[in-house]
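>>> no sequence on this one, just coordinates:
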């Protein structure tokens, strides 16, 4: 995470964690003048064991005799291009290095999840917060996916479809250039789990069976009703006839 400029080339990429310190390791020759500037504003100059802070924003710079320059509490505004210049005792420019500094939010502890879609299919996922997060998802040390989130994205996730009967240690490793976190969960099989489609089909079948039984009973009662009426009418007719015969006698 420190920016080592002791043997700097023409260009160099450096990173620092948001809220943490920015540390530059400068060339250690105190007999030479070292200057750091940004957007043509000189923010630090060292000359013959003396230190001058020439930009108001960087009054909190700490310089140590071993050649270390430290700026406390990095913010996103500190990201950008810097220049390191080294001058000889005769004030001749000996070296210039372009520094690209990037301030990143550290990654959070990942959240690992499992969801059963059916007994034969599941999805596993991993989510985390942070900038430029790289995900590595593996099952029992076998790589499932390795991907990187969009640049400077605050929160991101990955999802993978797997066979539903798999089991083992599901590990998610997340990191960027300033931090690293990981988490492992026990992956369980989806044995006996119905999918949404299977559940809907089961409900439909039960409903159809219920309707068939209901209408079957109703139809059976309908068929019995006329016969019952005819039998009742016949009994009434017999009684009526018996009464008439008795009256005639």
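Received, thanks. Worth saying up front: this structure is predicted, and the values here are computed from it rather than measured. Numbers count the residues shown, from 1 in each chain.
>>> all contacts plus neighbour counts: C-alpha atoms, from now on.
Will do.
>>> Give me the packing partners of the longest strand that the chain contains, helices and strands only.
Assignment by DSSP state E gives strand 93-104 as the longest strand of the chain. In terms of contacts (3 or more Cα pairs under 8 Å, 6 or more residues apart in numbering; DSSP states H and E), strand 93-104 is packed against strand 11-17, strand 80-87.
>>> Residue 143: which of those is closest?
Residue 143 sits nearest to strand 11-17 of all these, at 27.7 Å, using Cα to Cα.
>>> now the longest strand of the chain and strand 11-17, what's the angle there?
With axes from the mean of the first three to the mean of the last three Cα atoms, to 10 degrees applied, the angle from strand 93-104 to strand 11-17 works out at 40 degrees.
>>> buried residues in strand 93-104?
96-99, 101-104 (16 or more other Cα atoms under 10 Å).
>>> Next secondary structure after that strand?
Using DSSP states H and E, the helix or strand that directly follows strand 93-104 along the chain is strand 111-118.
>>> Rounded mean pLDDT for that next one, please.
Averaging pLDDT along strand 111-118 yields 96.
>>> now what about the helix or strand just after that strand, what contacts it?
Downstream of strand 111-118, the next assigned helix or strand under DSSP H and E is strand 121-129. Residues outside strand 121-129 that contact it (Cα atoms under 8 Å, 6 or more residues apart in numbering) are 106-117, 137, 154-165, 172, 174, 190.
>>> so what strands line up beside strand 121-129?
strand 111-118 (antiparallel), strand 155-163 (antiparallel) (DSSP bridges).
>>> chain center to stretch 113-130: distance?
11 Å (Cα atoms, centre = their mean, to the nearest Å).
>>> and if you look at stretch 71-87?
Using Cα atoms, centre = their mean, the offset of stretch 71-87 from its chain centre is 30 Å.
>>> What's the mean pLDDT across that stretch?
Here the average pLDDT along stretch 71-87 is 90.
>>> Report the beta-bridge partner residues of the nearest residue to residue 79 once chain neighbours are set aside.
Leaving aside its chain neighbours, residue 79 sits nearest to residue 102 (4.6 Å; criterion: Cα to Cα, 6 or more residues apart in numbering). With DSSP bridges as the criterion, residue 102 is bridged to residue 15.
>>> Could you pull up the residues touching residue 102?
The neighbours of residue 102, taking Cα under 8 Å, 6+ apart as the test, are 13-16, 76, 78-80.
>>> can you pull the pLDDT of it?
For residue 102, pLDDT reads 95.
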